[in-house]
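Asks: predicted model, plus sequence, below.
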Amino acid sequence: MEKSHLVSIFRVLEKKEVKELRKWVGSPAHNLRKDVTDLFEYLVSGQHLFSEKHLEKERVFQAIYPGKTYSDAEMRQVMHFLLRVVENFLVYNELAKDEVRSQTILAKVYRQRKLTKLFQKTMETGWDILRKQPHRNHQHFENEYLLQFEQFNHLSSLGRTVPLNLQEVSDSNDISFIINKLQVGCIMLSHQKVFNTNYNLGLLSPVLEFVENNKELLENPAIAIYYFTYKANTESDNEGNFKSLKEQIRLHGDFFPLPEIRSIYLFAINYCIGKMNLGAFSYVREAFDLYQQGLSKDIFLENNEMSRFTFRNIVAIGLQLKEYDWVKSFIKKYQLYWMKSTERALCSSTWHIFILKKRIIPRQ
């Protein structure tokens, strides 16, 4: 049982999630089986999840069905039922995080049941939530499109003479698609450089051409950031694209959730590293500045950890610029964010010696 999907999931649940999951499992709306509840309680008790002997199927079976002869089929069945309950819980929680999407789905339900007043109220709530959200990334504009499309479905049911919001539907769909296509294009470009592969970029070329023929689209921060990211990394000799990217990051970096702005910073830094590898020393300072900006906002920490590649790059670049005091301070503050517990006894001076000898800029 130790290698089961069920145990793997339980091992990564946070305490708050376990507490909420207990209520979910105990609700007759989600589970009517006592053995499923008993298995849940067994797994979350003490250190059972991390004890090989406590995860032996026969031992778990006796805890759930005291005095009963072991049946592997019955054991697998109760594990299956609990897994389904847990997965439904995880899906619900993930969907609930997107409040606009949830309101759109609820509005659809009201529309289909012809509850017009509730539909309108729910749509107003959805629009209000969307306007107040701080992020303006692809997800924001996709939700705008979904709201517009749900409004279209409502209006089209009122009769042929009712004005429709088809232009708004089309525009929001275009914006969402353009952002998503540019973002995926940047990811593919970055990946194929590292892994020496080639992708078919599909509709990316006509999307780029469409943006260039409709410059007003660059007033959208998400379109502008991914457009200039792609152009900078495909037209490296045109430094204007990189400067525009930096300016967009400075002005609109807060419009993106942390994982996304982290990737955007790394796109810009990788451009600098490419220029550095061609001997453009001025880009060492550019990369250093980007790292400093990101560090000031904790952008390079993920789950309270820092990639060892990012750590080494920052130290190496700082030392190339002879920012010795800053590097020493950085190492002291961040070395425990990436080092394994067995490595924490190493003195930070070891890092100074290592980097000074190597003087390399490894990959991100």
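Replies: Received, thanks. Numbers count the residues shown, from 1 in each chain.
Asks: give me phi/psi at the residue located most distally from the centre of the chain?
Replies: No residue in the chain sits farther from the centre than Gly67, which is 47.2 Å out by CA atoms, centre = their mean. Gly67 adopts backbone torsions of phi 80, psi 0, taken as degrees, to the nearest 10.
Asks: show me the strands in the stretch 101-250 of the chain, by range?
Replies: Secondary structure of the stretch 101-250 of the chain (DSSP state E, counting those that start in this stretch): no strands located.
Asks: any buried residues in the helix or strand hosting Leu21, and which?
Replies: In the assignment (DSSP states H and E), Leu21 maps to helix 15-26. Neighbour counts over helix 15-26 (16 or more other CB atoms under 10 Å) mark 17, 21, 24-25 as buried. For every residue, glycine as well, the C-beta is placed using N, CA and C.
Asks: now for the helix or strand just after it, which elements pack on it?
Replies: Scanning forward in sequence from helix 15-26 by DSSP H and E, the next helix or strand is helix 34-43. Contacts defined by 3 or more CB pairs under 8 Å, 6 or more residues apart in numbering; DSSP states H and E place helix 34-43 against helix 5-12, helix 15-26, helix 57-64, helix 72-97.
Asks: make a markdown table out of these and add distance to Ser45 and mean pLDDT.
Replies: Shown next, in a markdown table, are the helices and strands packed on helix 34-43 (distance: least, CB to CB, whole Å; pLDDT from 0 to 100):
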| stretch | distance to Ser45 | mean pLDDT |
| --- | --- | --- |
| helix 5-12 | 11 | 96 |
| helix 15-26 | 11 | 97 |
| helix 57-64 | 9 | 96 |
| helix 72-97 | 14 | 96 |
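Asks: out of those helices, which one sits most buried?
Replies: Counting by mean count of other CB atoms under 10 Å, helix 57-64 has the highest mean neighbour count of the helices and strands packed on helix 34-43, with a mean of 16.
Asks: domains of the chain?
Replies: Domain assignment for the chain by automatic domain parsing gives 5-96, 99-173, 278-364.
Asks: distance to Leu204 for the ones you listed - can I get that in a markdown table?
Replies: What follows is the domains of the chain, written out as a markdown table (distance: least, CB to CB, whole Å):
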| stretch | distance to Leu204 |
| --- | --- |
| domain 5-96 | 29 |
| domain 99-173 | 15 |
| domain 278-364 | 22 |
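Asks: those domains: lowest mean pLDDT?
Replies: The stretch with the lowest mean pLDDT among the domains of the chain is domain 278-364, at a mean of 78.
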